[in-house]
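Participant: quick check, what structure comes out for this input:
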Amino acid sequence: MSQPDLPRDVAAGPDARHVGRAAVVDADAAPVKVDANILQQVKATIITRSSFADSAAGPGWQLGLWAIVIAIGVIATISYFFFSAKQKGILKPISRVGIIFVMVGFGASFGYTVMARISLFIGRLQFLLRDWLGIIQ
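Facilitator: Residues are numbered from 1 along each chain as shown. The predicted structure follows:
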């Protein structure tokens, strides 16, 4: 005897309760989270005249150039994930640039993860061979 299939609404009940509870519990921290996670990133993407000003971070033209590259990357990546329009015409090459930005971002993140793991492995090997076993000086 097999169990009957539960309706989709009944099966999603625990998920709805979990989301509702999280919304109530985190209601006090919501403005801080919105400011930290959304508004600061949008603010960093906007290109202003101060983006081209000299500062301790470097010459103004370099900072302005990177601000333009980031803005182009954000617009191209958003156009790649814009699923309600068919990617043809001007949207097609822009979305291709967007997928390149996504691939470079994921590749850099993966490379950083691998580099960190190898660094940890080297540190453990040095501990084992030098401090614990005394094989190397």
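Participant: do a quick rundown of the helices in the chain.
Facilitator: With helices called from DSSP state H, the chain shows them at 8-11, 13-25, 30-34, 40-45, 60-80, 91-126.
Participant: on contacts alone, who are the packing partners of the fourth one?
Facilitator: Translated: helix 40-45. With contacts taken as 3 or more C-beta pairs under 8 Å, 6 or more residues apart in numbering; DSSP states H and E, helix 40-45 sits against helix 60-80. From N, CA and C alone the C-beta is placed, and that goes for glycine too.
Participant: list the buried residues of the helix it packs on.
Facilitator: 63-64, 67, 73-74, 76-77, 79-80 (16 or more other C-beta atoms under 10 Å).
Participant: would you single out the least confident of the helices of the chain?
Facilitator: Note on the helices of the chain: lowest mean pLDDT is at helix 8-11, with a mean of 58.
Participant: gap between residue 40 and residue 56?
Facilitator: 20 Å (C-beta to C-beta, to the nearest Å).
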